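> Sequence plus the predicted model coming up.
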Amino acid sequence: MRNSMISQASQEEENAIDLTPMLDVVFIMLIFFIVTASFIKETGIEVNRPEASTAVSKKNANILIAINANNEVWIDKRRIDLRAVRANVERQHAENPKGAVVVQADAKANVETLTSVVDAAREAGVYDVSVSTKQK
């Protein structure tokens with residue numbers, strides 16, 4: 001009787017599925033997806049960009065600034081004061097010195113606000129500043 005219980009317990013252990021290799025594969029896949037994921041930077045608001053027939057795609061834009069119809073400036077999904085644009089651009093430019101600034105201005109935004117943002121970006125040391133538009 002006792003031998004039959006021992007043989008049943010050992011047989012159940014032999015029939016059990018070892019989950020360790022499966023967990024290893026899941027963790028490796030998780031690490032792979034985290035490392036290879038491309039993170040998209042967003043400004044935090046949606047703007048109605050003006051149309052332009054000479055629009056060209058920009059590849060290395062990593063500092064995005066949005067200006068909505070109420071002339072509010074947004075960087076990294078948060079509203080900032082116009083006087084703080086330079087400091088924010090300097091901080092982001094220090095993280096990636098080869099990056100460019102792209103200003104996404106709403107079609108109803110004031111030109112004065114747009115000019116102030118572009119000037120602040122250039123004062124921060126970034127001379128590759130573009131204005132985002134829709135292509136006609």
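Sure thing, it's come through. Residues are numbered from 1 along each chain as shown.

> how far away is Ile28 from Ala87?
Taking CB to CB, to the nearest Å as the measure, Ile28 falls 41 Å from Ala87. C-beta: built from backbone N, CA, C; applies to glycine.

> And those two? Which one has more around it.
Of the pair Ile28 and Ala87, Ala87 is the one with more neighbours under other CB atoms under 10 Å, namely 13 against 10.

> can you pull the contacts of the more buried one?
Ala124 (CB atoms under 8 Å, 6 or more residues apart in numbering).

> quick one: low-confidence parts of the protein?
Within the chain, the segments meeting pLDDT under 70 span 1-14, 38-61, 136.

> same thing but 90
Along the chain, segments meeting pLDDT under 90 span 1-23, 30-64, 68-69, 75-78, 92-111, 126-136.

> which residue ranges form the strands in it?
51-52, 61-67, 73-75, 78-80, 100-105, 129-131, 134-135 (DSSP state E).

> Alpha carbons only: can I get the lengthiest helix in the chain in PDB?
In the chain, assigned by DSSP state H, the helix with the most residues is helix 20-36. Extracted in PDB, the C-alpha atoms of helix 20-36 (Å, rounded to 0.1, in the frame of the first residue of the first chain):
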ATOM      1  CA  THR A  20      10.100  27.600 -15.700                       C
ATOM      2  CA  PRO A  21      11.100  27.500 -19.500                       C
ATOM      3  CA  MET A  22       7.800  29.200 -20.400                       C
ATOM      4  CA  LEU A  23       8.400  31.900 -17.900                       C
ATOM      5  CA  ASP A  24      11.900  32.500 -19.200                       C
ATOM      6  CA  VAL A  25      10.500  32.900 -22.700                       C
ATOM      7  CA  VAL A  26       7.800  35.300 -21.500                       C
ATOM      8  CA  PHE A  27      10.400  37.500 -19.700                       C
ATOM      9  CA  ILE A  28      12.700  37.500 -22.700                       C
ATOM     10  CA  MET A  29       9.800  38.600 -24.900                       C
ATOM     11  CA  LEU A  30       8.800  41.300 -22.500                       C
ATOM     12  CA  ILE A  31      12.400  42.700 -22.400                       C
ATOM     13  CA  PHE A  32      12.500  42.500 -26.200                       C
ATOM     14  CA  PHE A  33       9.300  44.500 -26.600                       C
ATOM     15  CA  ILE A  34      10.400  47.100 -24.100                       C
ATOM     16  CA  VAL A  35      13.800  47.700 -25.700                       C
ATOM     17  CA  THR A  36      12.500  47.800 -29.300                       C
END
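
> Many thanks, I have nothing further to ask.
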